[in-house]
Each structure stands twice: as C-alpha cells, then as structure tokens.
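Chemist: Predicted model and sequence below, questions to follow.
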Amino acid sequence: MNRLKCMVAIASMTVGVAAAGHSQELDLSAMAKKMRQNQENLQQYSWETKMTFLVNGELRRSDTYTVRYVMGGMVEKMQISSKVAEGKVCGPDGKKLSKKELEAAREFVLGVKDQLDGYLNPLFAERAVATSKIQESGGDLLLLSRDVMTTGDSVEITLSGSTYKPISATIKTSAKGLPVALDVTFGSIEYGPNHPKRSITTSEWQGFKLSIITENSNYKPSPI
C-alpha cells in the first residue's frame, strides 16, 4: 500500500512538472501575441519624432519630424525643423571630420537605426518574445532571446508582469562587422498601446562613436 502511495505521489509530481512547463509555454505564446498586437496597434497612430545625432558624445544635428504609417506598414516622415551644429569634430588622433564625412557618418548610423528598428516590427517583436527565456525581475518579466533576425544577435525585453506590455528593450547585433546596439524605453498612450518613447542607437564609424537619440511624443490616432 505504501509502495502504491509512493508511485501515485511520483506520478502526480511528474504530471505537475509537465503541466507547469506547458503553462509557461502557453504564457509565453500569449505574451508574444500581445507584443505583436501592441506593435500592430501602433500603426493606427501618428506622432512627432525628434532625432539627435551625436559624434563622440557631442551634439551635431537635431531633426524633428511628423511620422505616420502608410500602406504596407511603411513609415512616412515629414520634416518640421532641423538644426546643425557649427564647428569641426576631432577624433582621438586629432583628425577633423569634413562636412562630407560628417554626413557619411550620419547616414551610416541612420542605416544602423533602421536595421535595429526592424526588431520592433510586429513579426520580429513577436518572434523575440516567443523564442525567449523568462526571468522574473522585481515583479516584471525579463525575456532573453538570441538569433532573432541574424545569427549572434541578442534581445532583452522587460515586460510588465501584470499587463505583458513592454517597458524597455535592449538589442545588440552587428553592422558591417562592428557591434551596434539599441536601447529603448517604452511609454504608454492613454487607452492605447505602449510605444517607443525614447531610444538610443549606438555604433562606431572610422574610430568615431556615433549615436542617435530618438524621442517620440504627441501620439494621435491617424486620420483614416
């Protein structure tokens, strides 16, 4: 009889472990779907974006745009203002960047930003969550995933433990053989989805440290 009870207890424990694993899988699937839905809902809004370009931590240019999604999920930007800093930028070796070189550096980091922003696309955002490993962090959930878009990349997403909405994300990968990264802080639209409130794109170009700080605000439902 004792042996029977022992076998029943072991069987119950096995079923419990299997059920717990299945529950975690279902939770992860639900979180992935919520992430995709959140990103898709953002396409119903327009907003303002301020992009600040820095070289070695020095502000070189600031541009403000109105932004909205158009057919096919493409982003359309209309420039409102632009301000370019005066003076030359010097590297560690004393080399000064020409105006043409500064523009080339800016185009490079803008390309990096476009590449990294692809991780916020609904499809890849869902994939990053669905393939992640979950850790708890102060009541929130830390999701860690790799090889989401390219081999060797990594994505860390912090979600609210109660709503599954994104709080922050860090994406690391490479561009032209150099390490690049995107750090995102999410805000929330009243009665709407969370959105990338502030992000920092970082990269290197010919020994110079480049970054773009992007600040999004004034979200409004797009006219139909």
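Modeler: Thanks, I have the structure now. Just so it is clear, the model here is predicted, and its values are computed rather than measured.

Chemist: For the closest residue in space to Thr150 that isn't next to it in sequence, give me its contacts.
Modeler: Spatial nearest neighbour of Thr150, chain neighbours left out: Thr173 (5.7 Å); criterion: CB to CB, 6 or more residues apart in numbering. For glycine as for every other residue, the C-beta is placed from the backbone atoms N, C-alpha and C. If a contact means CB atoms under 8 Å, 6 or more residues apart in numbering, then Thr173 has 115-116, 149-150, 152-154, 179-181 as its contacts.

Chemist: one more time with 10 Å, if that's ok
Modeler: By CB atoms under 10 Å, 6 or more residues apart in numbering, the residues touching Thr173 are 112, 115-116, 119, 147-155, 179-182.

Chemist: And for Glu58, the neighbour number?
Modeler: Using other CB atoms under 10 Å, the number of residues around Glu58 comes to 12.

Chemist: Which pLDDT value goes with the closest residue to it other than its chain neighbours?
Modeler: Spatially, and ignoring its direct neighbours in sequence, Glu58 is nearest to Val89 (6.3 Å; CB to CB, 6+ apart). Looking at Val89, its pLDDT is 81.

Chemist: Test my guess that Val89 contacts Ala105.
Modeler: Yes. If you go by CB atoms under 10 Å, Val89 and Ala105 touch, sitting 8.7 Å apart.

Chemist: list residues touching both of these two?
Modeler: 55, 60, 97, 208.

Chemist: Alright, calling it a day.
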